[in-house]
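Student: just a sequence and a predicted model for now, questions to come.
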Amino acid sequence: MQPPESQALAAGLAALNLSLDEGQQSALLAYLALIGKWNKVYNLTAVRDPAEMLTLHLLDSLSVVDPLRRHVGDRPARVLDVGSGAGLPGVVLAIALPQLQVTCVDTVGKKASFIQQVASELRLRNLSAQHARVESMKIEPVDVVTSRAFASLVDFTNLTSQHLLPSGVWMAMKGKAPADETAALPPSVDVFHVEQLVVPGLDAERCLVWMRQRP
Ligand SMILES: C[S@@+](CC[C@H](N)C(=O)[O-])C[C@H]1O[C@@H](n2cnc3c(N)ncnc32)[C@H](O)[C@@H]1O
């Protein structure tokens, strides 16, 4: 008999129509256990109940895997997760889409250290973390800049535009479609898609705002 969190993850993946192998599912659960362990010492995330963490952190982040895979296809791509906190969605993306090279950045040193520890313990060679302000970090330009619960769309795009390849896109995880935030964007930012997401077990609106730079 599988432990309850494995069953809940498997059910969530089925609802998302996502197929992850056993190794990936174990890595996701090990990641959740590491958050729980580090949360006892460092305040990584306010969510502490394991079932809530599974829905609000894992399944919420997993809900963007298919949209991102549809965008990048099977090719290798570089992703920057801004204001990752405990590694959301960056760590989940690195586990679910191993062809990605994921860099997480956070201004809080213990959060970046935690993500480095996750990369090392789970042997995720495609995951790294920087302790920096995103606007002043050094990184080769990336294909996708993403964030969850980081900043308004104006601040998010403004602070990160220098890290995006000319062909790159922003993928912002948001709750209800933020019409006021999209309206406030400068003409240089093109919102080309607002995609509704469904997170299994979560009775709340979620969307992805896809943007790119106008030439
Ligand atoms: C509300 S938390 C979101 C954490 C995570 N993305 C999540 O969804 O659980 C926002 C994070 O952004 C980080 N942050 C704020 N300003 C930043 C900046 N200029 N550069 C990098 N990280 C920043 C904070 O330290 C914090 O960990």
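Tutor: On my side now, so go ahead.
Student: what's near enough to touch residue 141?
Tutor: 162, 163, 164, 165, 168 (C-beta atoms under 8 Å, 6 or more residues apart in numbering). From N, CA and C alone the C-beta is placed, and that goes for glycine too.
Student: report the contact partners of the first one.
Tutor: The neighbourhood of residue 162, defined by C-beta under 8 Å, 6+ apart, consists of residue 141.
Student: so how far is residue 101 from it?
Tutor: Separation of residue 162 from residue 101 (C-beta to C-beta, to the nearest Å): 18 Å.
Student: and the second one, by the same measure?
Tutor: Taken as C-beta to C-beta, the spacing of residue 163 relative to residue 101 amounts to 13 Å.
Student: swap in the fourth one?
Tutor: Applying C-beta to C-beta, one obtains 13 Å for the distance of residue 165 from residue 101.
Student: those two: who's more crowded?
Tutor: residue 101 (18 against 15; other C-beta atoms under 10 Å).
Student: going by neighbour count, which residues of the helix or strand encompassing the more buried one are buried?
Tutor: Per DSSP states H and E: residue 101 is located in strand 100-106. By 16 or more other C-beta atoms under 10 Å, the buried positions in strand 100-106 come out as 100, 101, 102, 103, 104, 105, 106.
Student: packing partners for it?
Tutor: Strand 100-106 sits against strand 77-82, helix 90-96, helix 109-121, strand 127-131, with contacts defined as 3 or more C-beta pairs under 8 Å, 6 or more residues apart in numbering; DSSP states H and E.
Student: out of the ones you listed, deepest packed?
Tutor: Of those, the one with the most neighbours on average (mean count of other C-beta atoms under 10 Å) is helix 90-96, at a mean of 28.
Student: near the ligand at all, that helix?
Tutor: No: legend: contact between helix 90-96 and the ligand by C-beta under 6 Å from any ligand atom is lacking; minimum distance shown is 8.0 Å.
Student: for that helix, give the mean pLDDT please.
Tutor: In this model, helix 90-96 carries a mean pLDDT of 98.
Student: convert the C-alpha atoms of it to PDB, please.
Tutor: Output in PDB follows, covering the C-alpha atoms of helix 90-96 (Å, rounded to 0.1, in the frame of the first residue of the first chain):
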ATOM      1  CA  GLY A  90      11.800  26.200 -10.200                       C
ATOM      2  CA  VAL A  91      12.500  23.000  -8.400                       C
ATOM      3  CA  VAL A  92       9.300  21.300  -9.600                       C
ATOM      4  CA  LEU A  93      10.100  22.300 -13.200                       C
ATOM      5  CA  ALA A  94      13.700  21.000 -12.900                       C
ATOM      6  CA  ILE A  95      12.300  17.600 -11.700                       C
ATOM      7  CA  ALA A  96       9.400  17.400 -14.200                       C
END
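Student: what's opposite the closest residue in space to residue 160 that isn't next to it in sequence in the beta bridge?
Tutor: In this structure, residue 160 finds its nearest non-sequential neighbour in residue 145, 4.8 Å apart by C-beta to C-beta, 6 or more residues apart in numbering. For residue 145, the beta-bridge partners are residue 80, residue 170 (DSSP bridges).
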